[in-house]
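In: Build me a structure from this.
(one chain, ligands or ions: 2)
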Amino acid sequence: MREPGTELSRRRDIADKCRSCGNCRAVCPIFAEIGREDSVARGKVALIRAVLDGELGLTEIFDERIQLCLNCKACIDVCPNDVRVDDLILSARSGLVEAGRLPFIKRFIFRHLLRRGRLLPPVGKTAAFFQRFVLRGLPKNSPFRLLLPAVGIDRDRVFPQFARATFMETVPEVIPAPDTVAASDGRPRVAYFVGCAANLIYPESARAAIEMLNRAGVDVVVPKSQGCCGTPVFNAGDFVTAREMATRNIEALRASGAEAVVTACASCGLTLKREYAELLGFEDGVGMPVYDLTEYLVLRGGAASESREVAEPSESAGFSASAEPSEVAPSSTRVRVTYHDPCHLVRGQGVYEEPRQILRAIPWVEFVEMRDADRCCGGGGSFSLSHYDLSKAVGRRKVEAIRDADVDIVTTECQACVMQLSDMLAQAGMDVAVISVAELAAQRGAGDTDSGEARRWPAVAGAQG
Ligand code: SF4
Ligand code: SF4
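Out: Ligands and ions are numbered 1, 2, ... in the order given. Prediction:
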């Protein structure tokens, strides 16, 4: 029988902490759909223990069960014994990769496309070209959809539009705040970590994030040698490739001369904040504080609100802890907006209040709290590619919560969630836009968007920023 693998063997202590109480059954979105013990954290821990005890091999069936997890971290939140099921499951996947079980297509994508990253922009642009001129967004009745299952993609899936130019190609390396924005504490300089989805698919969200930082009097540097953070790679268990990618990013961020890293992607943020150190073994992580954009803007709120002698009110991005709009538009002209908590931000980083503070501070927004806002949307990164039916089943519950909230716009702080929610809402026939918090906050009023050709925006009637 094959050995369990080095990563997994050193995680024995995590598996031993589980007391089989079953609390995790109440919150696991996968268990809620299929109700099988081996789909929930407790069952997975039992399977991993069996492997560690030599009672079970790294078999195909073990592989299947271990892939049945969204890494949503809901089980960790309710576990009375602090069992880090996420670390344990990823280590088990690492054991499977060490045993040669990484599928060819993932191996190719991780080690040839993502590892160095040089091929990603041409691949994205080629995809953009085909979407625009050959597939034309793949309308529902397109005969091309019949071919999608042959390459493992569900024929109903609604695709995001790749950008014609990547975000990184369109920005200079240093983007200083305008001179009109004063900062009492000098001019902070942060490194902006873009993330693959914002770079290739949603460049407007990255532009909005930088605009918000600039409005807060922050100089932004976008290190050009940054690449994919490695989340999809170590999520699949390929820790060796992920370590190479982490090394490159750490070097790029440390060379930037910034005092902190800011990202508007929940998964990138969690990876830079925690996983480089905890999972991949880089003791100091990236070597400086890492913030989600909303977290950083709220943190800056105090400093920004003290330094508005030069700044126009509309140029300020100061969101204090008690942020309320100073001038609230009449409710008939306000846009109803809700917020979906990405798992990797709310549970992964403990960021809950900050995005809400920012949304509540926008005068033309009526913030609506939806039911179960912190429940997983079912995306789970590549989970939605490999387990689309299950992903859709989890996503449908989120769609119902959004329908009941009766909103015009859903905001979130993770591009993978934007992708999943856009797909789910479109399939449900709901005309609700899904955008990042920064994209909404950066708007000053109706029609103030250059969000690109394929993104749909509802009319922002009477909106004033
Ligand atoms: S909640 Fe924690 S201790 Fe209880 S069964 Fe689940 S993983 Fe084990
Ligand atoms: S991380 Fe989420 S999907 Fe995975 S076992 Fe825990 S609750 Fe279930």
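In: Next one: K106 from L96, what distance?
Out: Going from K106 to L96 by CB to CB, to the nearest Å gives 11 Å. In short, each C-beta sits where N, CA and C put it, glycine included.
In: What of T6?
Out: According to CB to CB, T6 stands 13 Å off from L96.
In: Have a look at these two and say which one is more surrounded.
Out: Taking neighbours as other CB atoms under 10 Å, T6 and L96 compare with L96 leading, 25 against 12.
In: contacting residues for the more buried one?
Out: By CB atoms under 8 Å, 6 or more residues apart in numbering, L96 lies in contact with 5, 58, 62-63, 66, 102, 237.
In: Just among the residues you listed, which is most surrounded?
Out: G237 (28 neighbours).
In: okay, now the nearest residue to that one once chain neighbours are set aside: neighbour count?
Out: Of all residues not flanking G237 in the chain, R93 sits nearest, at 3.0 Å (CB to CB, 6 or more residues apart in numbering). The number of residues packed near R93 is 25, by other CB under 10 Å.
In: Can you tell me the element R93 falls in?
Out: Of the helices and strands defined by DSSP states H and E, R93 is found in helix 85-98.
In: From the chain's centroid, how far away is that helix?
Out: In terms of CA atoms, centre = their mean, to the nearest Å, the centre of helix 85-98 is found 21 Å from the chain centre.
In: just to revisit the earlier point, and the residue nearest to G237, how far is that from ligand 1?
Out: Computed with CB to the nearest ligand atom, to the nearest Å, the distance linking R93 and ligand 1 is 17 Å.
In: Surely that residue and N235 touch.
Out: Yes. If you go by CB atoms under 8 Å, R93 and N235 touch, sitting 7.5 Å apart.
In: How confident was the prediction at the residue nearest to H340 when sequence neighbours are not counted?
Out: Spatially, and ignoring its direct neighbours in sequence, H340 is nearest to T412 (4.3 Å; CB to CB, 6+ apart). At T412, the model reports a pLDDT of 98.
In: which stretches of the stretch 1-150 of the chain have low pLDDT?
Out: 1-5, 117-119, 122-125, 127-150 (pLDDT under 70).
In: how about the helices of it, start to end?
Out: Ranges of helices within the stretch 1-150 of the chain are 6-9, 12-17, 29-34, 41-52, 60-67, 74-78, 85-98, 104-108, 120-129, based on DSSP state H, counting those that start in this stretch.
In: Single out the most deeply packed of the ones you listed.
Out: Per-stretch averages of neighbours, counted by mean count of other CB atoms under 10 Å, single out helix 85-98 among the helices of the stretch 1-150 of the chain, with a mean of 25.
In: Tell me if it is near ligand 2.
Out: Yes. Under the criterion of CB under 6 Å from any ligand atom, ligand 2 is reached by helix 85-98 at 85-86.
In: Quick one: work out the angle between that helix and helix 60-67.
Out: Helix 85-98 runs at 140 degrees relative to helix 60-67, counting by axes from the mean of the first three to the mean of the last three CA atoms, to 10 degrees.
In: quick check: angle from helix 85-98 to helix 41-52?
Out: Going by the same axes, to 10 degrees, helix 85-98 is angled at 40 degrees with respect to helix 41-52.
In: What average pLDDT does whichever strand or helix holds T294 get?
Out: Assigned by DSSP H and E, T294 belongs to helix 293-305. Across helix 293-305, the average pLDDT comes to 80.
In: what does stretch 441-454 give?
Out: 54.
In: N71: neighbour count?
Out: 19.
In: Parallel or antiparallel, which strands does the next helix or strand after the helix holding T294 pair with?
Out: Using DSSP H and E, the helix or strand that directly follows helix 293-305 along the chain is strand 335-340. As defined by DSSP bridges, the strand partners of strand 335-340 come to strand 365-367 (parallel), strand 409-412 (parallel).
In: and after the shortest one, which helix or strand comes next?
Out: Reading on from strand 365-367 to the C-terminus, the next helix or strand found by DSSP H and E is helix 383-386.
In: how about the nearest residue to the closest residue to ligand 2 within the stretch 201-350 of the chain, chain neighbours excluded?
Out: Across the stretch 201-350 of the chain, no residue is closer to ligand 2 than C343, which sits at 7.6 Å (CB to the nearest ligand atom). Excluding its sequence neighbours, the residue lying closest to C343 (CB to CB, 6+ apart) is C72, at 4.2 Å.
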